[in-house]
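Trainee: Here you go, sequence then predicted model.
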Amino acid sequence: NIEQVIENINSIPDTVVLIDKHIAKIYQDSFSQIQTQATLILEATEENKSYENTKVVLDFFQEHRCTKSTTVIAIGGGIIQDITAFTTHIYFRGIKWVFVPTTLLAMCDSCMGAKCGINVNEYKNQVGVFHSPSAILISQDFLTTLPDDHIQSGYGEILKHFLSDSWELFNKLEAILDKEGFRNNSLLELIYLSLKFKQSVVEADEYEGDFRRILNYGHSFGHALEPLSDFIIPHGTAVAWGIDLINYIAAENGILKQDDFLRIHKFIKKYFSCSLKQKLSAEDFIRFAKTDKKVRDGKINLVFLKEPGKFDILPCEFDDKLKATISDYLDQYNIIQIECKV
């Protein structure tokens, strides 16, 4: 529970805290018990997860004379995590940090793996490092105050991990959600299974040399959807949409069976449908995909599902065929509903 998290934090000497403004307000009474040198409250926005705004955090470290013996406690979701991982990595060439994830997305995915990314201009995660927390303190209690769309977002990454593992895990996820919905009695087990899968991948390829690239499944076009939607669609939901699109491209190229695409699409449509006011085009997604870190020599390395647990990572050209396939998906299968203008 949250009280045990605070006890663990207070057992660490010489700490400063970085905390999401929203979380600080909700849990004000509990977090007032934290014994720390200083606390910096941050707004967890994509605008603040920028190269320019990291200076605010570095100035805070300097102001409070943080040293190599200081441990930074990060309390929040993925944005606070990215800001903390990046700044603690470059400050004094690396100081320790502890992560207290407060979103399902952070609990089931981003808390493990050491990767972080900072936005540059309009493009997402253009600058980053690998810097693991020295400890992760997870309390499911934080999820009781998490909005439904953020719960949905977390399940996007759980879906990615379960499809990346096996039909067995996908079937388990489908059965639990069909019976109890997102807020179910098995959620802690789902978080554990999601992290267990990610751990197996990270331990095999810590610095994303090759095998770890399967964790990018659904991300290339999912990352594009986030800024194109003005970040109305959160990360995990965008990843679920990206999985559906990349599965369609795989099916159209004979990599994934059509029946498997349709079965997974039915699940994604049921649980991850969302709405936007503006219509998006294939050109929009290709424009953003061209800035992806996985682009080499004008081609993008895409992670294609062959069947749950099996992938092909193939270079694809930004050609008319790819554009036409994305257009066909948007016309026929898109789970994003366009809100009618009144």
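Mentor: Here it is on my side, so go on.
Trainee: centre of the chain versus the helix or strand bottoming out on mean pLDDT in the chain, how much separation?
Mentor: Within the chain, no helix or strand scores below strand 295-296, which has a mean of 82 by mean pLDDT, DSSP states H and E. Offset of strand 295-296 from its chain centre (Cα atoms, centre = their mean, to the nearest Å): 22 Å.
Trainee: swap in stretch 141-161?
Mentor: Counting by Cα atoms, centre = their mean, stretch 141-161 comes out at 10 Å from the chain centroid.
Trainee: So for that stretch, what gets flagged as buried?
Mentor: 142-143, 146, 150-161 (16 or more other Cβ atoms under 10 Å). The way it works is simple: take the backbone N, C-alpha and C, and place the C-beta from them, glycine included.
Trainee: Rounded mean pLDDT for stretch 183-191, please.
Mentor: Stretch 183-191 comes out with an average pLDDT of 96.
Trainee: contact partners of it?
Mentor: Leu104, Met107, Cys108, Ile138, Gln140, Leu143, Ile151, Ile158, Leu173, Ile176, Leu177, Glu180 (Cβ atoms under 8 Å, 6 or more residues apart in numbering).
Trainee: ditto for stretch 214-228
Mentor: Stretch 214-228 is contacted by residues 46, 113, 122-125, 156, 160, 163-164, 198, 201, 233-235, 238-243, 245-246, 280, 284-285, 287-289, 292, 294, 300, 302-303, 305, 311, 313, 326 when judged by Cβ under 8 Å, 6+ apart.
Trainee: Pull out the buried residues from those.
Mentor: Neighbour-count burial (16+ other Cβ under 10 Å) applied to these gives 46, 113, 124-125, 156, 160, 163-164, 198, 201, 233-235, 238-243, 245-246, 280, 284-285, 288-289, 292, 294, 300, 302-303, 305, 311, 326.
Trainee: Please flag which of those sit within strands.
Mentor: Within the buried ones among the contacts of stretch 214-228, residues falling in strands by DSSP state E are Lys124, Asn125, Ile300, Leu302, Val303, Leu305, Phe311.
Trainee: tell me the contacts of the last one?
Mentor: Contacts were defined as Cβ under 8 Å, 6+ apart; by that measure Phe311 touches Ser164, Ile214, Tyr217, Val303, Phe304, Leu305.
Trainee: Next: the fourth one.
Mentor: Shown here is Leu302, whose contacts under the criterion Cβ under 8 Å, 6+ apart are Ser220, Ile246, Ile249, Lys294, Ile313, Leu314, Pro315, Cys316.
Trainee: rerun that using 6 Å as the cut-off
Mentor: By Cβ atoms under 6 Å, 6 or more residues apart in numbering, Leu302 lies in contact with Cys316.
Trainee: any idea how far Val100 is from it?
Mentor: In this view, Leu302 and Val100 are 34 Å apart by Cβ to Cβ, to the nearest Å.
Trainee: just the fifth one next, same as before
Mentor: Between Val303 and Val100 the distance, using Cβ to Cβ, works out to 30 Å.
Trainee: Dihedrals phi and psi, the residue nearest to Ala38 when sequence neighbours are not counted?
Mentor: Closest residue in space to Ala38, ignoring its immediate chain neighbours: His64 at 4.6 Å, by Cβ to Cβ, 6 or more residues apart in numbering. His64 has phi and psi values of phi -100, psi 20 when expressed as degrees, to the nearest 10.
Trainee: tell me the pLDDT at His64?
Mentor: pLDDT, His64: 97.
Trainee: do the same with the one 10 residues further on
Mentor: As predicted, Ala74 sits at a pLDDT of 98.
Trainee: Identify the residue nearest it in space, chain neighbours excluded?
Mentor: Nearest residue to Ala74 in three dimensions, chain neighbours excluded: Thr84, at 3.8 Å (Cβ to Cβ, 6+ apart).
Trainee: Please tell me how far the strand or helix carrying Phe61 is from the chain's geometric centre.
Mentor: According to DSSP states H and E, Phe61 maps onto helix 54-63. On the basis of Cα atoms, centre = their mean, helix 54-63 sits 25 Å off its chain's mean C-alpha point.
Trainee: where along this protein do the helices fall?
Mentor: For the chain, applying DSSP state H gives helices covering 2-10, 21-26, 28-31, 54-63, 78-90, 104-105, 148-165, 167-180, 187-204, 219-228, 235-252, 258-272, 282-289, 320-332.
Trainee: Out of these, the one nearest Ser132 is which?
Mentor: Set against Ser132 and scored by Cβ to Cβ, the helices of the chain come closest in helix 78-90, at 8.1 Å.
Trainee: between that closest one and helix 235-252, how many degrees?
Mentor: Per axes from the mean of the first three to the mean of the last three Cα atoms, to 10 degrees, the angle that helix 78-90 makes with helix 235-252 is 100 degrees.
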